[in-house]
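Novice: requesting a structural model of the entry that follows:
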Amino acid sequence: MIVSTPYTECYVKKSFLSGNPNYGKDETIFGVLYGIRFIRGRAPLYIVYLPSMGAMYDKVDQCAIFNRPQTPEKEIRMNDVAWWDCISDYWQLTQLQGIRHMDVQLQNKKGHIWEGSYLWTCDPQRPRETLDYGQSETWHEHKTKTYFFDDQTGVLVCGPNNKMRFLDVSLCPEKLEIPYWMKVYKDSDSPERITHERGGNKLGDTERWDYEKS
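Specialist: Here you go, the predicted structure:
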């Protein structure tokens, strides 16, 4: 499934367009991000228009997309900036007007914190086929994914909302509360109210949903 994005100017690493990806510093070409292709079983691909060639390239990896022509020396791979494989071919993109340009932070799997300004949110829809989608059987466990460009490197980043902070300069206190009490439950109607991270599952081996180490 392809969903349209708001008009977003960007720069794409030439090595990804030539089939020889370079995860460090690289030449780029100006483009306009127009869409995201969601494919079950792999990370999303991005549709970018390259006006200098009149080309519409529809299979760009996220780690090759920046909001500036200069790319950093540091290695940036898909696991650093993207979420796990898509569990559905069907997605909806929404730009939440109340948080447009709000400061956001995301902690990735390596513990690195990316910082930027909110762009838009993508939400998986229930699969239409009666196939085994693995974790999609517990559909309510899955989070919307929020996008932003990292302030330091310029790379396009996205991740699940439970790994992010949304910082409103007018509403947030200077020192944020650490939400030890906050959980994501298996079923809000269930008397057991089981969190899917209890028992030391893979996602951080922790029951906590904050940035502190357990």
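
Novice: mind listing what Leu176 touches?
Specialist: The neighbourhood of Leu176, defined by CB atoms under 8 Å, 6 or more residues apart in numbering, consists of Arg165. C-beta coordinates here come from the backbone N, C-alpha and C atoms, glycine included.

Novice: how far away is it from Trp83?
Specialist: Going from Leu176 to Trp83 by CB to CB, to the nearest Å gives 23 Å.

Novice: one more: Met1?
Specialist: 16 Å.

Novice: looking at those two, which is more packed in?
Specialist: Trp83 (20 against 15; other CB atoms under 10 Å).

Novice: I figured the more buried one was touching Asn162, is that so?
Specialist: No - with contacts counted by CB atoms under 8 Å, Trp83 stays clear of Asn162, the gap being 11.3 Å.

Novice: regarding the most centrally placed residue in the chain, what is its secondary structure?
Specialist: Centroid-nearest residue in the chain, with CA atoms, centre = their mean: Cys158, separated by 1.8 Å. Classification of Cys158 by DSSP: H, G, I helix; E, B strand; the rest coil places it in strand.

Novice: so what pairs up with it in the strands?
Specialist: Assessed by DSSP bridges, Cys158 has beta-bridge partners Tyr147.

Novice: need the contact list for it.
Specialist: Cys158 neighbours (CB under 8 Å, 6+ apart): Gln62, Val81, Ala82, Trp83, Leu106, Cys122, Lys145, Thr146, Tyr147, Phe148.

Novice: what about this protein, any weak spots by pLDDT?
Specialist: 84, 126-143, 179-214 (pLDDT under 70).

Novice: so where do the helices sit in it?
Specialist: 14-17, 78-81 (DSSP state H).

Novice: now the first one: buried residues?
Specialist: In other words, helix 14-17. Ser15, Phe16, Leu17 (16 or more other CB atoms under 10 Å).

Novice: which elements pack onto it?
Specialist: With contacts taken as 3 or more CB pairs under 8 Å, 6 or more residues apart in numbering; DSSP states H and E, helix 14-17 sits against strand 28-37, strand 55-60.

Novice: likewise for the last one?
Specialist: Where contact means 3+ CB pairs under 8 Å, 6+ apart, helix 78-81 is packed against strand 156-160.

Novice: domain parsing for the protein?
Specialist: 2-167, 177-214 (automatic domain parsing).

Novice: rewinding a little: so which of the helices of the chain is nearest Met56?
Specialist: Distance to Met56, taken as CB to CB, is lowest for helix 14-17 among the helices of the chain, at 12.0 Å.

Novice: any idea how far that closest one is from the middle of the chain?
Specialist: Mean C-alpha position of helix 14-17 versus that of the full chain (CA atoms, centre = their mean, to the nearest Å) differs by 21 Å.

Novice: show residues contacting that helix.
Specialist: Pro21, Asn22, Asp26, Glu27, Thr28, Ile29, Leu50, Tyr57, Val60, Asp61, Ala64.
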